[in-house]
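> here are the coordinates; sequence isn't available:
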């Protein structure tokens, strides 16, 4: 059975992947394992990747573009940090994972929160996202989970280029 190992940065990424992308990816790969890597040492990540390669398992490392000026610059940064990763295994989220949360959210839910339906979330930062959280939410995580109810990957791909790229790359 095939297995895909998805290295994600942190808890928000894990939450998004568990609720939205693991079911999609499991159709192709069968087993999908999420590995948060932001708090792991460089050596530990390299060992993981070496292990995946030795076992013949697929992997992808997902990283927010953050302050890097381009996707290639972010990929170069990842390649410099982890010596075992291959460039073709890196997917860069534009701008940050929060943009993927909002991209596929239900239009009715957004309207109910007083949030305009975005044509694109490609330029959305974590700070932009946080400014949209309605006051009734005492927890950022609660809002994020509600965004994932009735989430549409198709709608998300229309509103975020990097999510569309990820879906296309792993659809077949």
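On my side now, so go ahead. Please read these numbers as outputs of a predicted model, since none were measured by experiment.
> ok, now how distant is the closest residue to residue 132 other than its chain neighbours from residue 81?
Nearest non-adjacent residue to residue 132, counting by C-beta to C-beta, 6 or more residues apart in numbering: residue 115, 5.3 Å away. C-betas here are computed from N, CA, C, even on glycine. As judged by C-beta to C-beta, to the nearest Å, residue 115 and residue 81 stand 35 Å apart.
> average model confidence for the longest helix seen in the chain?
When the chain is parsed with DSSP state H, its longest helix is helix 42-55. On average, the pLDDT along helix 42-55 is 98.
> other SSEs contacting it?
Applying 3 or more C-beta pairs under 8 Å, 6 or more residues apart in numbering; DSSP states H and E, one finds that helix 42-55 contacts strand 3-8, strand 58-64.
> in JSON lines, list those along with mean pLDDT.
Shown next, in JSON lines, are these (pLDDT from 0 to 100):
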{"stretch": "strand 3-8", "mean pLDDT": "98"}
{"stretch": "strand 58-64", "mean pLDDT": "98"}
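> one step back: compare neighbour counts for residue 115 and residue 81 and give me the winner.
residue 115 (16 against 13; other C-beta atoms under 10 Å).
> that one and residue 121, how far apart?
Taking C-beta to C-beta, one finds residue 115 at 11 Å from residue 121.
> and the residue nearest to residue 107 when sequence neighbours are not counted, backbone torsions?
Leaving aside its chain neighbours, residue 107 sits nearest to residue 117 (5.1 Å; criterion: C-beta to C-beta, 6+ apart). Taking degrees, to the nearest 10, you get phi -70, psi 120 for the backbone angles of residue 117.
> now do the SS call for residue 35.
The three-state assignment at residue 35 reads strand, by DSSP: H, G, I helix; E, B strand; the rest coil.
> any idea how far it lies from residue 49?
10 Å.
> which one's more surrounded, those two?
Taking neighbours as other C-beta under 10 Å, residue 35 and residue 49 compare with residue 49 leading, 22 against 17.
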